[in-house]
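Visitor: Structure for the following, please:
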Amino acid sequence: MAYELKTKENDKDVTEFIESVDNPKKRADAYQLLDIFAETTGCPAKMWGTSIIGFGSYHYKYASGHEGDAPLVGFSPRKAKISLYMATGFTERDYFLEKLGKHTTGKACVYINKVADINIDVLKEFINASVKFLQETYPEQ
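Guide: As a prediction, the model looks like this:
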């Protein structure tokens, strides 16, 4: 049986989702990130699943045969922290993480408490580098 991806692009309203964020400071940060990501990528914001705001998309296919679609970059204003979804596996990632400001990382996500904790210019460079890496790694078929 094929694995069904839960996180798919959908037509849910991004503004409606941001408005549903309980914490007013996190909601304000989400609007700021919305502007930064949209301006930097030139892509419209789209909901992916129930809580990820993604920009652009790419189709991946692994050697294992697993394939799917994912946003090029994105973020999610979660209860605990804001998750930033950036590309992994490219050499400059560590450079951007070192310069970004206060954050933690998981396997793939970058977590921030608030936008004021990070360097916006570095974030924009990180977004651009992530998009470029993914577009080069997964060129459109």
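
Visitor: Residues in a beta bridge with the residue most central in space within the chain, which ones?
Guide: Taking CA atoms, centre = their mean, the centroid of the chain lies closest to G74, which sits 1.9 Å from it. Note on G74: beta-bridge partners by DSSP bridges are G54, Y85.

Visitor: Return the residues in contact with it.
Guide: By CB atoms under 8 Å, 6 or more residues apart in numbering, the contact set of G74 is 37, 48, 52-55, 84-85. For every residue, glycine as well, the C-beta is placed using N, CA and C.

Visitor: how about a cut-off of 10 Å?
Guide: Listed by CB atoms under 10 Å, 6 or more residues apart in numbering, the contact set of G74 reads 7, 33, 37, 41, 43, 45-48, 52-57, 83-86, 127, 130.

Visitor: Can you read off the pLDDT for the closest residue to A30 other than its chain neighbours?
Guide: Leaving aside its sequence neighbours, A30 sits nearest to P77 (CB to CB, 6 or more residues apart in numbering; 4.2 Å). pLDDT, P77: 98.

Visitor: Quick check: P77 touching S83?
Guide: Yes: counting by CB atoms under 10 Å, S83 is a contact partner of P77 at 8.2 Å.

Visitor: quick revisit: narrow the contacts of G74 to those that are buried.
Guide: Buried subset of the contacts of G74 (neighbour count, 16 or more other CB atoms under 10 Å): 7, 33, 37, 41, 43, 45-48, 52-57, 83-86, 127, 130.
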